[in-house]
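Trainee: Just need the structure, nothing else, for what follows:
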Amino acid sequence: MQAEYVIVGAGSAGCAMAYRLAEAGKRVIVIEFGGTDWGPFIQMPGALSFPMNMKRYDWGYQTEPEPHLGGRRLATPRGKVIGGSSSINGMIYVRGHARDYDTWRDMGATGWSYADVLPYFQRMEDWHDGGHGGSASWRGQGGPLHVTRGKRDNPLTQAFVKAGGQAGYQVTGDYNGAQQEGFGPFDMTVWKGERWSAAKAYLKPALARENCTLVRGFARRIILQDGRATGVEISRGGKTEVITAEAEVIIAASSLNSPKLLMLSGIGPAAHLAEHNIPVVADRAGVGQNLQDHLELYIQAAASQPVSLSKYWNLLGKAYVGARWILTRTGPGASNQFESSAFVRTSAGVEYPDVQYHFLPIAIRYDGQASPEGHGFQAHVGPMRSPSRGAVTLRSANPEDPPKILFNYMSHDKDWQDFRTCIRMTREIFEQEAFAPYYKHEIQPGADLQTDDELDGFIREHVESAYHPCGTARMGAADDPMSVVDPEGRVIGVERLRLVDSSIFPQITNGNLNAPSILVGEKMSDHILGKTPLPPSNAEPWIHPDWQSKQR
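Mentor: Numbering: from 1, shown residues only. Next up is the predicted model:
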C-alpha cells in the first residue's frame, strides 16, 4: 500500500492532520493499532473512569519505580483506540495560558507564540457557552471540535466558584478566553450528551473521503533510505509489510510511543541506541528526554447534606444513569461532571497561574473507587510547571516491548513546596462561607496532618499523574542539540519525516493537554501543505495587574 502521506497514530494530532490533508486533496493513510471507539464506556461522558482502565482501549503503561515517591509505579494511560487519548480522557478542554506559547517561542519554537496559535484554536473550535457567559470574540465557531459546558446545576459545583471569590481569588467567565486566572466554569469536548473525540471531529469525516484510508496495524519502525523516510514497517494479521509514503511519513503516536518509534528506527541518542545494537541514522540526544507531566492530589471532604453524586454510586443508581443516557443522552451520564475549575498563582511574583483545580461533586478516584464516607466532594489540585524532568527509553530492540518510562517525579524541592501550598490553599477554599452548608469534615489528607513533614508523607503516598505526558521530542532551533524537530515538525537530520504530537512541546502547558495536542495537528498540517500560516492575533491576554506584589 502507498499514499502521499502516511500518518502513524490516530490520536488527537494524527486525526486533525488526516482531516486537513485529506481536505486538501492529498492521499492519506493513517496507521492505528487500536480499534473502534464504539460502545457506551467511551461515548458516555459520565463513564470516563472505565475506558482508561480497560486493556481494550489503553496501552496499560506504568512508570518505572519512581525514586522520589518511595518506588511507586504510577499508571500512565494512553489511548489504544481511534481518537487516541481523546477517546479515553476526561474530555476537559483547556487551551493553556498565553504565556505558555510565548515561552515556546522563546525556547526556539519560532512561529508558536500565543499570537500565532490563537487563530488555530479558533479554527478548530465550535464553541457553545451554554448560556454561562464567556468571551465569544476569543473563541471559534464552525470548526470540527465541539466545545461545550455542563449545566452546573449541582450546588457543590456552584459553591466551589463562590468560595474561590470569597477567598479573594479572581472569578473568570472563560479561562480559555482573555483571562485564564480565576475560578469559573469548565469547558468539555462533549456534544449532544456524547464524547466528542478527535475521532468524531476529524478522523471519521476524513475517512468519509475516498483519499483517506485507515490501516489497522502495529508500527514497528520507520523505513529510512539514504537519510530519507520512505515508509513504515507494520505488522498485521501475523505478517510484516511496508506502507510506502510518496511524500512524507508523519509520526503522531503519542509522547511515549513516538520517541520509542524514532529510537527503534535509529534516531536518538547514539549511546543508548548502541546499547540495543540499533544502527544510528541520526544522533539526536533529545529523543526521549525532557519528559514532563502534571501531578495532582485529591483533597476530599465529607458532605453534611446528600447533595453529591454519591446517590448514583450503587447498582440501581448506575442503572438509572446508564438507561437515561442510552435512551435520551441526558442526565448525569451526559457530563464528565468536571464543571467548575480554577487557575491560580501560588505566590506573588508568579506572573501567571501555576496551579490548576478540577472540582468534582463526589469523593472518588479515577479508578472508580468511591470514598467509604458516602456523600462528599473533592478538588483535584496540582502545580502546572514542575521543574522535574524524566525520560522515555527503550527496554529492548524488540518493537513489541513497552518503553521504559521514568518521569523522575518530585525530584526538586520546589515540587514539594508547591504541593504543600496546594493543600493549604484548598483547605482555605473549603473553609469559606459558600461551603458552610455542605462541609462536614476533611477526608484526606485529614485534619491531623498539618506539618510540612506530615504533608510530605501524604504527598509521597497519594500523588497521582493527571495523565499529561509530553515533551519527549522537543521542538526548537535546528542548531540546538536537544531539539528533535524544527518549528515545522521536521525531524532534524532526516528528510521527509515529521513528528507531530505532544512529544514536541518544549514545555508543558497550563491545564489538560488534549486541546494543545489537536492544535499541533492543525497548525502543522498547514506547514506540511506549504500554506502561509494564519495571520497572528493582536488580542492581549489578561495578566493580574499586581502579580508582582499579590498572590490573589
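Trainee: Partner strands of the longest strand belonging to the chain, with direction?
Mentor: If you go by DSSP state E, the chain has its longest strand at strand 239-251. Partners of strand 239-251 in the sheet, by DSSP bridges, are strand 2-8 (parallel), strand 228-236 (antiparallel), strand 497-499 (parallel).
Trainee: how far away is residue 430 from residue 303?
Mentor: Per CB to CB, to the nearest Å, residue 430 is found 11 Å from residue 303. All C-beta atoms are positioned from the backbone trio N, CA, C, and that covers glycine.
Trainee: any residues in contact with both of the two?
Mentor: residue 439 (CB atoms under 8 Å, 6 or more residues apart in numbering).
Trainee: hmm, back to that, now could you export just the CA positions of the longest strand of the chain as PDB?
Mentor: C-alpha atoms of strand 239-251 as PDB (Å, rounded to 0.1, in the frame of the first residue of the first chain):
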ATOM      1  CA  LYS A 239       2.600 -10.700   8.700                       C
ATOM      2  CA  THR A 240       5.000  -7.800   8.300                       C
ATOM      3  CA  GLU A 241       4.600  -5.300   5.500                       C
ATOM      4  CA  VAL A 242       5.600  -1.900   4.500                       C
ATOM      5  CA  ILE A 243       3.300   1.100   3.900                       C
ATOM      6  CA  THR A 244       5.100   3.400   1.400                       C
ATOM      7  CA  ALA A 245       5.000   7.200   1.700                       C
ATOM      8  CA  GLU A 246       5.500   9.100  -1.600                       C
ATOM      9  CA  ALA A 247       5.900  12.500   0.100                       C
ATOM     10  CA  GLU A 248       6.300  12.200   3.900                       C
ATOM     11  CA  VAL A 249       6.000  10.000   6.900                       C
ATOM     12  CA  ILE A 250       4.400  11.700   9.900                       C
ATOM     13  CA  ILE A 251       4.700  10.200  13.400                       C
END
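Trainee: In terms of secondary structure, what does the helix or strand just after that strand contact?
Mentor: Once strand 239-251 ends, the next helix or strand along the chain (criterion: DSSP states H and E) is helix 257-264. If you count contacts as 3 or more CB pairs under 8 Å, 6 or more residues apart in numbering; DSSP states H and E, helix 257-264 packs onto strand 218-225, strand 239-251, strand 391-393.
Trainee: Pull up the pairing partners for the next helix or strand after helix 257-264, direction included.
Mentor: Going down the chain from helix 257-264, the next helix or strand is strand 267-268, by DSSP H and E. Sheet pairing for strand 267-268, assigned by DSSP bridges, gives strand 282-283 (parallel).
Trainee: I'd like the next helix or strand past the partner strand.
Mentor: That would be, after strand 282-283 and using DSSP H and E, strand 295-303.
Trainee: got the buried residues for the helix or strand just after that next one?
Mentor: Counting by DSSP H and E, the next helix or strand C-terminal to strand 295-303 is helix 315-328. Residues of helix 315-328 classed as buried by neighbour count (16 or more other CB atoms under 10 Å): 320-322, 324-325.
Trainee: what's the answer for stretch 98-113, then?
Mentor: So, applying 16+ other CB under 10 Å, buried residues of stretch 98-113: 98-105, 107-110, 112-113.
Trainee: and if you look at stretch 117-132?
Mentor: 117-129.
Trainee: Return the subset of the residues you listed lying in strands.
Mentor: Checked against DSSP E, the buried residues of stretch 117-132 include these in strands: 125-127.
Trainee: before we move on, back to that, redo the strands paired with strand 239-251 as CSV? Include mean pLDDT.
Mentor: CSV is the format used below for the strands paired with strand 239-251 (pLDDT from 0 to 100):
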stretch, mean pLDDT
strand 2-8, 98
strand 228-236, 98
strand 497-499, 98
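Trainee: how about those strands in JSON lines, adding distance to residue 196?
Mentor: Shown next, in JSON lines, are the strands paired with strand 239-251 (distance: least, CB to CB, whole Å):
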{"stretch": "strand 2-8", "distance to residue 196": "21"}
{"stretch": "strand 228-236", "distance to residue 196": "29"}
{"stretch": "strand 497-499", "distance to residue 196": "26"}
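Trainee: okay, the ones you listed, which one's buried deepest?
Mentor: Comparing those by mean neighbour count (mean count of other CB atoms under 10 Å), strand 497-499 comes out on top with a mean of 27.
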